[in-house]
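**Student:** Return atomic coordinates for the entry below.
(chains A and B, ligands or ions: 2)
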Amino acid sequence: MTTQDELATLRQKLGDQNYICDERIAVTLYLARSLDKPVFIEGPPGVGKTQLARSCAAALELPLIRLQCYEGLDETRALYEWKYGKQLLYTQMMKSSVDRILRHTDTLEEGLSRLHAQGDVFFSKPFLEPRPLLQSLESAAGCVLLIDEIDRADEAFEALLLEVLSDFQVSIPEIGTVRAVHKPMVFLTSNNVREMSDALKRRCLHLHIPFPDARLEAAIVRVHLPTIHDSLLTSLVAFIQQLRTLDLKKQPSVSETLDWARALILLGAEALDRQQVSDTLHIILKYQQDIERVTDELPSIHQRSLADTQALFG
Amino acid sequence: MTKLAHSAEDRAPLSEGFLRFMAALRTASLPVSPADSLDALKAARQLGFANRQLLRTGLSCILAKSEQERGVFEEVFDRFFAPPQTDVAADDNASAHDLPPINSSLESPLGQMLMAGDSVALTQQMVLAGRQQKVEQIEFFTQKGLYARRILEAMGLLSMEQNLDSLAPSEQALLRERLAVLRGRVQDYVEQQFLTHADSTGRRLRESLLRQVKLSNADARTIEQMQPVIERMARRLRTLYRHSRRKQKGRLDVPATLRANNGLDGLPFHLRWRYRHRKRAHLFVICDLSGSMRRSVKFMLMLLYALQLVLPKIRSFGFVDRLNETTDLFDGEPFEQAMQKMIERCSGGSTDYARSLADFENLCGNDLTSRSTLIILGDGRNNYANPENQRLARLYRRCRRLIWLNPESRYLWFSGDSAMRDYLPYCHQANTCSTLDQLERFADRLLAAHYSA
Ligand SMILES: Nc1ncnc2c1ncn2[C@@H]1O[C@H](COP(=O)(O)OP(=O)(O)OP(=O)(O)O)[C@@H](O)[C@H]1O
Ligand SMILES: [Mg+2]
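**Tutor:** Numbering: from 1, shown residues only, chains lettered A, B, ... in the order given. Ligands and ions are numbered 1, 2, ... in the order given. Modelled structure (predicted):
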């Protein structure tokens, strides 16, 4: 199969998962697989960064392992942890066998050395709780690892991640080194809350997903809401595109377009009517300030978006 | 793909062209690591070179690590893989520079191409000769002439010149003229190659070099480096001429001096001078804002506004098909923003000098006096429309000096759709202005003229 065919198949498979993907995305995914490199996805909120990783896992029929990042995320949540409870419970339950080992010992030293001779039974695989990073290395058939919103985690975590992503192995002092059976396909997403370190970015392929253009956005809405009326679809997308040209506190994202379309369908709309728009603005705009601003300018925005509908979908 | 196949691929020699591309990216200050180049090479092998768009997209996600880097990457990619610009007026189509064909008995193929005025064929030959002479290995700006000559020779210059005597004198003159045009193009081509390929460390950053690069050949990064050079130029000129302003102090103002020294028992400690109050002259700057001109306009205005302290008040105008005054935009706003707005205000249609001159005449024909200097910044490419030079003639008679600055070299003024030959008689002064050096020389002369008047 030629590369072109493979790219087409990939797009097709993502399409089957209801993900509309342009050439840039397809090529990046293709190269991520053939070069075994993580993909670093940047873009404004709600443009489908998370969804891309999900759909990709589904398309490749691989399990998805997701690590949601937040401030204070550390190794014990991301990599592994010892099951303290289980360790405690087992020491209690095995009290009699411990007693047996310790019988006839007089000094503390002697007792300790006898215990040491038993090996670290309580720090072995059965007492280990693997977290997403370790899980992804251990997964037998490969998997998709989604490290979501990496820009929310602290820099210390970034360092850990760098280590894991460079060798796809971690060393656990009590057990030894765990090496990936199958290198997972890794996605990192970022909303640019903070700038990520160069070292991390250099390890990854870079993919920026911008707001979709009108055609792409219409296709996305259509795939999620196949029953939507044509004239509603085009005028709604044109309106959203028009809003994105304004200087708003928060621009409406694809998720908001979808929510809005759902609401309008529920209201039985077949086209975009100004009163309905004004009643439902709160679905697409999250700040009162933005809502007021758009309400004031609604007639002209509406007018322009009607004119655009022709030009965009003509 | 098995690991074995991987390593076999890795060992295959990197193609020379690909390495040069990586070097060009580094020159544009993208930090491309050896590992990145290996990845890029693997990717290129998989994606193939046939579909440029696909290759560009694929390589960009490997080699550019941010949106900003992607911009740089794409610029270098396009430069590297696209055919070279054939002319300073990059957005004009190549055939606009075709010259009328003339039949000739000349044997030399180069001579025939020149006589036929076929600029596409000439460009092809130039690129072929450039490859043959390995122009991409140029290291120093000073080698520009050397490479240009080698390319011309590889195109058959010597044998053509031997052949020249067989032509009639008028034909000879024409051929020499066209050869001059070609020479200019080859030099542009070499300069572009230098900017794309030559190593950046130290050499490229030198100011003397930045001053000599043609604005139309420079890439975004070079342009960025030029801005501080402009500021330094402006500072030098300001100090130079602020000094001469003081010389114009004029006579002692006795009443004012007495008043100022009232508390000092009439001892004239603080002197007061009576300034020569001239009616403020104006500098009118008309800028052609069509795509090919924007860079030159930007630098020109940047320098003029940086000299505002020592120059007459500037009124600026922009045009493509119609002319608008843009003076208000430069009142206090940061220069970059003002420039952007100027372009927005004046964009539209295709270049129309005649109509824009008419607009100017209507707008401020009456404000032009024998103190005004009028500067026109344009390439004079008028899309073969009637230049209506009588309009320029009227402006010419009204003002003190009419100066035309054209980023194109003089030998291109008489080719294609250039209207320069019609406008030239009505300019007090007309210069090529395509590098920072030329720009500075012009500003210097402008100031000198102002202070000697
Ligand atoms: N190309 C696409 N094809 C299909 N659906 C899409 C596409 N792009 C976005 N969507 C839809 O848009 C919505 C938002 O996507 P998602 O939550 O993945 O965004 P995000 O970029 O991860 O946002 P955030 O930064 O807020 O996490 C989802 O419902 C997703 O299905
Ligand atoms: Mg998300």
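**Student:** Can you check my assumption that B:Leu179 lies in a helix?
**Tutor:** Yes: using DSSP: H, G, I helix; E, B strand; the rest coil, the secondary structure at B:Leu179 is a helix.
**Student:** Which residues of chain A lie near chain B?
**Tutor:** When proximity is defined as Cβ under 8 Å from any Cβ of the partner chain, chain A approaches chain B at A:3-4, A:7, A:23-24, A:27-28, A:30-31, A:34-35, A:37, A:40, A:42, A:198, A:201-202, A:204-208. The way it works is simple: take the backbone N, C-alpha and C, and place the C-beta from them, glycine included.
**Student:** change it to 7 Å
**Tutor:** Of all the residues in chain A, those in contact range of chain B (Cβ under 7 Å from any Cβ of the partner chain) are A:3, A:23-24, A:27-28, A:31, A:34-35, A:201-202, A:205-208.
**Student:** so of the residues you listed, which ones are in strands?
**Tutor:** Within the residues of chain A next to chain B, membership in strands is found for A:205-208, as judged by DSSP state E.
**Student:** could you list every residue that touches residue 172?
**Tutor:** Let's take chain A. Contacts were defined as Cβ atoms under 7 Å, 6 or more residues apart in numbering or on different chains; by that measure A:Ile172 touches A:80, A:178.
**Student:** hm, I was asking about chain B
**Tutor:** Residues in contact with B:Gln172, defined by Cβ under 7 Å, 6+ apart, are B:Leu164.
**Student:** Helix, strand, or coil at it?
**Tutor:** For B:Gln172, the secondary-structure state derived from three-state DSSP is helix.
**Student:** can you tell me how far it sits from B:Gly111?
**Tutor:** Per Cβ to Cβ, to the nearest Å, B:Gln172 is found 11 Å from B:Gly111.
**Student:** Could you do A:Leu133 as well?
**Tutor:** For A:Leu133, the distance to B:Gly111 (Cβ to Cβ) stands at 71 Å.
**Student:** likewise A:His206?
**Tutor:** Taken as Cβ to Cβ, the span from A:His206 to B:Gly111 is 51 Å.
**Student:** out of these two, which sits in the busier spot?
**Tutor:** A side-by-side neighbour count of A:His206 and B:Gly111, using other Cβ atoms under 10 Å in any protein chain shown, places B:Gly111 first with 25 against 21.
**Student:** Backbone dihedrals for the more buried one, both of them.
**Tutor:** When read as degrees, to the nearest 10, the backbone of B:Gly111 gives phi -60, psi -40.
**Student:** contacting residues around it?
**Tutor:** The neighbours of B:Gly111, taking Cβ under 7 Å, 6+ apart as the test, are B:160, B:163, B:175.
**Student:** and which of the residues of chain A next to chain B is nearest B:Ala23?
**Tutor:** A:Arg202 (18.7 Å; Cβ to Cβ).
**Student:** How about that closest one, nearest residue that isn't a chain neighbour?
**Tutor:** B:Lys65 (6.2 Å; Cβ to Cβ, 6 or more residues apart in numbering or on different chains).
**Student:** mind checking which helix or strand residue 112 is in?
**Tutor:** Going with chain A. Here A:Leu112, judged by DSSP states H and E, is contained in helix A:108-116.
**Student:** Switch to chain B, please.
**Tutor:** Assigned by DSSP H and E, B:Gln112 belongs to helix B:109-116.
**Student:** Perfect, I'm done here.
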